[in-house]
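Q: what follows is a protein structure lacking sequence information:
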């Protein structure tokens, strides 16, 4: 069955997680996403993890994850011949996703202004660290920079240590998600008014949106959430507690109170003190003592046992899974979820990958593998653009493709 975006052609010129993830979401929804890589390959091909810790351009776990269900070509877009071919591809595309910095976009004629002028029906998402305009627009960025400027790092980590960067690419994934939503909204709007649109997406701003509540609290109340190890504080002493990570026999659990019935923790632990009026009236003020009594109860329990006992009382405890445990978790593998899929790749072999992030009832998520480097050059340049095969050979010999 075809996906909801079946028949739509998307051109992806991206070398960041944000741009590639946007394309991955659109491909999963059924769009024909054509990934344009430089002839030497997307830099993400050099990111691990790799099987056996042996680097290989076709076996990068990150690249395989971000580029499922796409086609791929190579093209040196900075050369005159490359720019011409890119322009011909754009004429056939419904949407463009690119993450070129403003200086590079200007040189290639891919700024928001130029895209609107030259391709009025095109829907585009331009994903950069600081946006196409503004005081920081021409600055270079990284995931760490985006999280630092957003305020996210300031509330992460231990209170007496330096701010902490969370693992991975949280801001870039958020930006990719926002870009994909913008593309789909732009395609829908084009049906109504007949004109395309260009979305200007900033990774740093995406990280600010990822924060959610803290900036709002700071604006409304002049109150800032503080870093305090495994606890989240800053809501006042009467806020139900715990909401914290606590150790157990074989790992960690997230221990959380029932906001409507904070006395249930006493029933779970078998400790009436936890339901006494002086505690319930000032829970965060008693956080250290609550932690100590909770730790004593957890000490001889596995995280699975602790969570099951808590959930029976409608206490929203959660086991903290490591990545290997996530791979084997029964919920993700249940036939109704399909969180993980097995994909056959001609070089990497059989690879377990993340499947559908959303489940649609009538139009299923499109499962597929990442393209090999330049795998669809002949299909696209010769078969779709009508380039003679001799010309493709010449372009390959001169490093254009």
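A: Arrived safely, thanks for sending. Keep in mind it's a predicted model, so treat the numbers as computed, not measured.
Q: pop the domain breakdown of the chain in here.
A: 9-209+338-397, 243-320 (automatic domain parsing).
Q: of all those, which lies closest to residue 1?
A: domain 9-209+338-397 (5.5 Å; C-beta to C-beta). Backbone N, C-alpha and C define where each C-beta goes, glycine included.
Q: now the end-to-end length of that closest one.
A: End-to-end distance for domain 9-209+338-397: 28 Å, by C-alpha to C-alpha, to the nearest Å.
Q: tell me the pLDDT of the residue nearest the centre of the chain.
A: Centroid-nearest residue in the chain: residue 173, 2.3 Å away (criterion: C-alpha atoms, centre = their mean). For residue 173, the model assigns a pLDDT of 97.
Q: isn't it up against residue 19?
A: No: assessed by C-beta atoms under 8 Å, residue 173 is found out of contact with residue 19, at 11.3 Å.
Q: can you map out the helices along the stretch 51-200 of the chain?
A: Secondary structure of the stretch 51-200 of the chain, counting by DSSP state H, counting those that start in this stretch: helices at 61-66, 80-92, 102-108, 112-118, 143-150, 170-193.
Q: show the contacting residues for residue 5.
A: Applying C-beta atoms under 8 Å, 6 or more residues apart in numbering, one finds that residue 5 lies in contact with 26, 29, 30, 31, 184, 187.
Q: and residue 107, by the same measure?
A: residue 78.
Q: make it 10 Å
A: 77, 78, 83, 100 (C-beta atoms under 10 Å, 6 or more residues apart in numbering).
Q: any chance of these in CSV, plus distance to residue 377?
A: Below are those laid out as CSV (distance: C-beta to C-beta, whole Å):
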residue, distance to residue 377
77, 14
78, 18
83, 17
100, 21
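Q: hmm, which two among the residues you listed are most spread apart?
A: 83 and 100 (12.6 Å).
Q: between those two, who's got more neighbours?
A: Under the criterion of other C-beta atoms under 10 Å, the comparison of residue 83 against residue 100 puts residue 100 first, with 21 against 17.
Q: do you know the pLDDT at that one?
A: pLDDT at residue 100 comes out at 96.
Q: can you give me the helices for the stretch 251-400 of the chain?
A: Going by DSSP H, counting those that start in this stretch, the stretch 251-400 of the chain shows helices at 264-269, 277-280, 287-298, 303-312, 323-328, 330-333, 377, 389-397.
Q: those helices: lowest mean pLDDT?
A: Per-stretch mean pLDDT for the helices of the stretch 251-400 of the chain is lowest at helix 330-333 (a mean of 70).
Q: and after the one helix or strand in the chain whose mean pLDDT sits lowest, which helix or strand comes next?
A: Scoring the helices and strands of the chain by mean pLDDT, DSSP states H and E places strand 231-233 at the bottom, with a mean of 50. Once the chain leaves strand 231-233, the next helix or strand it forms, by DSSP states H and E, is strand 243-248.
Q: residues contacting that following strand, please?
A: Taking C-beta under 10 Å, 6+ apart as the rule, strand 243-248 contacts 228-233, 235, 252-257, 259, 283-284, 287, 290-291, 294-295, 297-307, 316-320.
Q: kindly recompute the last result at 7 Å.
A: Contact with strand 243-248 is made by 230-232, 252-257, 291, 294-295, 298, 301-303, 306, 320, as judged by C-beta atoms under 7 Å, 6 or more residues apart in numbering.
Q: and stretch 133-149, by the same measure?
A: Stretch 133-149 has contacts (C-beta under 7 Å, 6+ apart) with 102-103, 129-131, 153, 165, 169, 171-172, 203-204, 207.
Q: quick one: end-to-end distance for it.
A: So stretch 133-149: terminal residues 17 Å apart, C-alpha to C-alpha.
Q: next, the buried residues of it.
A: 136, 137, 141, 143, 145, 146, 147, 148, 149 (16 or more other C-beta atoms under 10 Å).
Q: now render these as JSON lines, adding distance to residue 69.
A: Shown next, in JSON lines, are the buried residues of stretch 133-149 (distance: C-beta to C-beta, whole Å):
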{"residue": "136", "distance to residue 69": "34"}
{"residue": "137", "distance to residue 69": "32"}
{"residue": "141", "distance to residue 69": "28"}
{"residue": "143", "distance to residue 69": "25"}
{"residue": "145", "distance to residue 69": "31"}
{"residue": "146", "distance to residue 69": "27"}
{"residue": "147", "distance to residue 69": "29"}
{"residue": "148", "distance to residue 69": "34"}
{"residue": "149", "distance to residue 69": "33"}
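Q: make sure residue 27 is indeed in a helix.
A: Yes: under DSSP: H, G, I helix; E, B strand; the rest coil, residue 27 sits within a helix.
Q: from residue 369, how far off is it?
A: 11 Å (C-beta to C-beta, to the nearest Å).
Q: and for residue 122?
A: From residue 122 to residue 369 the distance is 28 Å (C-beta to C-beta).
Q: show me which of these two is the more surrounded one.
A: Legend: neighbour count by other C-beta under 10 Å for residue 122 and residue 369, higher for residue 122 (21 against 18).
Q: just give the closest residue to that one, not the sequence neighbours.
A: Among residues not flanking residue 122 along the chain, residue 196 sits closest, at 4.5 Å (C-beta to C-beta, 6 or more residues apart in numbering).
Q: for that neighbour, which residues are in contact?
A: Going by C-beta under 7 Å, 6+ apart, residue 196 touches 119, 120, 121, 122, 123, 186, 190.
Q: let's see it at 8 Å
A: Neighbours of residue 196 in contact, by C-beta under 8 Å, 6+ apart: 116, 119, 120, 121, 122, 123, 124, 186, 190.
Q: which phi and psi does it have?
A: Residue 196 adopts backbone torsions of phi -80, psi -170, taken as degrees, to the nearest 10.
Q: how close does it sit to residue 380?
A: Distance of residue 196 to residue 380, given as C-beta to C-beta: 22 Å.
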